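Pasting the sequence and the predicted model now:
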Amino acid sequence: MSAAAPRYRPVALGGSLDARFTPQPDGSLWIESTESLQAHPLRLTDRLQHWAARAPERTLAARRDATGSWRHLSYRDAVHGARSIAQALLDLGLGPERPLAILSDNDLEHLLLTLGAMWAGVPCAPVSPAYSLLSQDHAKLRHILGLLAPGLVFAANGPAYARAIGAALPPGTPLALAGGTVEGRHALRFADLLATTPTDAVEAAHAMVGPDTVAKILFTSGSTQAPKGVINTQRMLCSNQQMILQCFPCLGETPPVLVDWLPWNHTFGGNHNVGLTIWNGGTLYIDDGKPTPALIDTTLRNLREIAPTVYFNVPKGFEEIANALEHDTVLRDRLFSRVQMFFFAGAGLSQPVWDQLDRLAEATCGERIRMLTGLGMTETAPFAICANGDDVRSGHIGLPAPGLQLKLVPSGDKMELRYRGPNVTPGYWRQAGTGSFDADGFYASGDAVRLVDPADPQRGLAFDGRIAEDFKLATGTFVSVGPLRARAITVGDPCVQDVVVTGLNRSEIGLLVFPRADRCRALAGLAADAPLAEVLAAAPVRAFFQRWIDLLHDAGTGSATRVARALLLAEPPAIDRGEVTDKGSINQRAVLACRAALVEQLHDGSAPGLFLPGRRSS
């Protein structure tokens, strides 16, 4: 007798469940949803006004203040604040060619500045705080500010950003701060911007905002080259929100409540999550936590207090939350009380974590919560492909959202994914000719995908790695890096943070391993401040990683999948070298370039004591 089908909490899903597949004479495959994109507003501020009129006292966003209490921003006050800030920006001479740059992280001031810029038709460019606070040379920040030529730069806290401002901000550029000062710099006060009295010029400027107006400039991570400013128009943002709503009608049935940490300088947090909050009249609680050992407790505290209706995170975040749920009944009861769906992006969620969340939900509320995912990028605003069917598993990304066309183009033994639709960027800020558009107008993503089941294309697509990351061994055999990396991380749970696959033009595959320092210290029984090199040399840690590399070796079916050697890295990835983004994503190519000497040592057998050979077949 077959097992009973799992019971899921009811949630209204739609769109992206069926698609048309059209093979082309050139060998490419075109895919589009059978559902058309419905009519929708063409300015995000129109939805802000709608909810300010319909539910003026409803909280748009909230963030804890210094006392730990929630400070709320209503829809009515958001509109009033946006109009005042729009006037202040116009008074300073900002406009379509003089954008606003925001250096600091998610907060209510950041949100109001963004809305005010949109109201006035001023492009807003949120810049990764890591380029100011973590970088030692500020090279990326200088590049970005030089490319933007902003009319105003904002930072939440003067002293925290003083070094970066001194290193990267030209003396004549206007500066605004929410608090503190920067020695030697005149700075406007955010409170004064917010107190500006709007004039008729504000509404005149707003009337000029249309679907092709640049709303945001979002910068790529710049891990392999200088960051590029992706133009995000109002058309992109609004069509994308309509796509999301058609794929997840539940968002329009009940105003969504989010508890969210995802950074607004990235498209997932800043476009997807802030956008769907405004579009659907929801509330976003700004989470100052992150899925790191130092900050995960902040996220857990917020989730014990605020029950989200939908919850978004990266796979690492879901892993940390799943582990906490195992022993925290208050967290379990609150999180599962009304959440309708989980959604992840940015990387693959391991199936064990997925299964763990299903088990915990069933034990807590008697039903599973649907885990949904997809694939997109900064250049698609970002929502593009959605997996919201009944048989979604780790690695699935689904089918195109309504209104979007996909093109799968042969590239070696893989298929490269390309996009065309109203949510696709027209190009890059002041970098004409740097886009990757083909003759049919499709944006070439560099991602590889495959059909989950070629005999049943409606089951959708699966992610198949990055084209540029794959390489050939000396035998001429292609190594598919994405699936191999995902397997290595899954098998290495909980001590493997990430791996970089080596072996270009060599006879065997190797791995450079970034370990999870906290889990390794716990395994070694050493103090939290013990040097990582000492931790990795501890016998229990060595034994764990040796078992891990042996398992990977034995699971290989040939030279392209059999891991022969690994090197544990005591030095973390560096953001200034482009090895890691501020979201923690590792760039394979940058790590290989920066640690070329270690790669040589790994493969010639002269690596230091943290080298691990894979088991040799008899």
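Nice, I can see it.

Skipping adjacent residues, who's closest to residue 331 in space?
Leaving aside its sequence neighbours, residue 331 sits nearest to residue 304 (Cβ to Cβ, 6 or more residues apart in numbering; 5.2 Å). C-beta: built from backbone N, CA, C; applies to glycine.

Report the contact partners of that neighbour.
Going by Cβ atoms under 8 Å, 6 or more residues apart in numbering, residue 304 touches 328, 330, 331, 334.

Who are the contact partners of residue 171?
residue 185 are the contacts of residue 171 under Cβ under 8 Å, 6+ apart.

mind checking the longest strand of this structure?
strand 443-451 (DSSP state E).

How far does the next helix or strand after that one sit from its chain's centre?
Downstream of strand 443-451, the first helix or strand assigned by DSSP states H and E is strand 461-466. Relative to its parent chain, strand 461-466 has a centroid offset of 17 Å by Cα atoms, centre = their mean, to the nearest Å.

After strand 461-466, which helix or strand is next?
Using DSSP H and E, the helix or strand that directly follows strand 461-466 along the chain is strand 471-472.

before we move on, the earlier item: which of the contacts of residue 304 count as buried?
328, 331, 334 (16 or more other Cβ atoms under 10 Å).

related to what we said a few turns ago, will you turn the contacts of residue 304 into JSON lines that also has pLDDT?
Compiled in JSON lines, the contacts of residue 304 are given as follows (pLDDT from 0 to 100):
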{"residue": "328", "pLDDT": "97"}
{"residue": "330", "pLDDT": "97"}
{"residue": "331", "pLDDT": "98"}
{"residue": "334", "pLDDT": "98"}
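
closest to residue 548 among the residues you listed?
Nearest to residue 548 among those is residue 328, at 28.2 Å by Cβ to Cβ.

Against residue 300, how distant is the closest one?
Distance of residue 328 to residue 300, computed by Cβ to Cβ, to the nearest Å: 7 Å.

Same question for residue 127.
Note on residue 127: its distance to residue 300, by Cβ to Cβ, is 29 Å.

More neighbours: the two, which one.
Neighbour count, other Cβ atoms under 10 Å: between residue 127 and residue 300, residue 127 has more, with 28 against 20.

For the more buried one, give me phi and psi.
phi -110, psi 140 (degrees, to the nearest 10).

repeat for residue 201
Backbone torsions of residue 201, given as degrees, to the nearest 10, read phi -60, psi -30.

For residue 572, the count of nearby residues, please.
Residue 572 has 13 nearby residues by other Cβ under 10 Å.

Wait, it touches residue 514, no?
Yes: Residue 572 lies in contact with residue 514 (Cβ atoms under 8 Å); the separation is 6.9 Å.

so where's the stretch 351-500 of the chain shaky on pLDDT?
Low-confidence segments of the stretch 351-500 of the chain, defined by pLDDT under 70, span residues 433-435, 475.

just the chain next, same as before
Short version for the chain, where the test is pLDDT under 70: 1-3, 15-16, 222-225, 346-347, 433-435, 475, 582-584, 608-618.

May I see the domains of it written out as residue ranges?
19-34+243-422+436-467, 71-209, 470-613 (automatic domain parsing).

circling back: the residue nearest to residue 331 is in what secondary structure piece?
Assigned by DSSP H and E, residue 304 belongs to helix 296-305.

Next SSE downstream of that helix?
Using DSSP H and E, the helix or strand that follows helix 296-305 in sequence is strand 310-313.

how about the CA coordinates for stretch 341-349, as PDB?
Provided in PDB are the C-alpha atoms of stretch 341-349 (Å, rounded to 0.1, in the frame of the first residue of the first chain):
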ATOM      1  CA  MET A 341       4.400  29.500   2.400                       C
ATOM      2  CA  PHE A 342       8.200  29.500   2.600                       C
ATOM      3  CA  PHE A 343      10.300  30.800  -0.300                       C
ATOM      4  CA  PHE A 344      14.000  30.600  -0.900                       C
ATOM      5  CA  ALA A 345      16.400  31.900  -3.500                       C
ATOM      6  CA  GLY A 346      20.000  32.600  -4.100                       C
ATOM      7  CA  ALA A 347      21.200  29.000  -3.900                       C
ATOM      8  CA  GLY A 348      19.900  25.500  -3.600                       C
ATOM      9  CA  LEU A 349      18.300  24.400  -0.400                       C
END
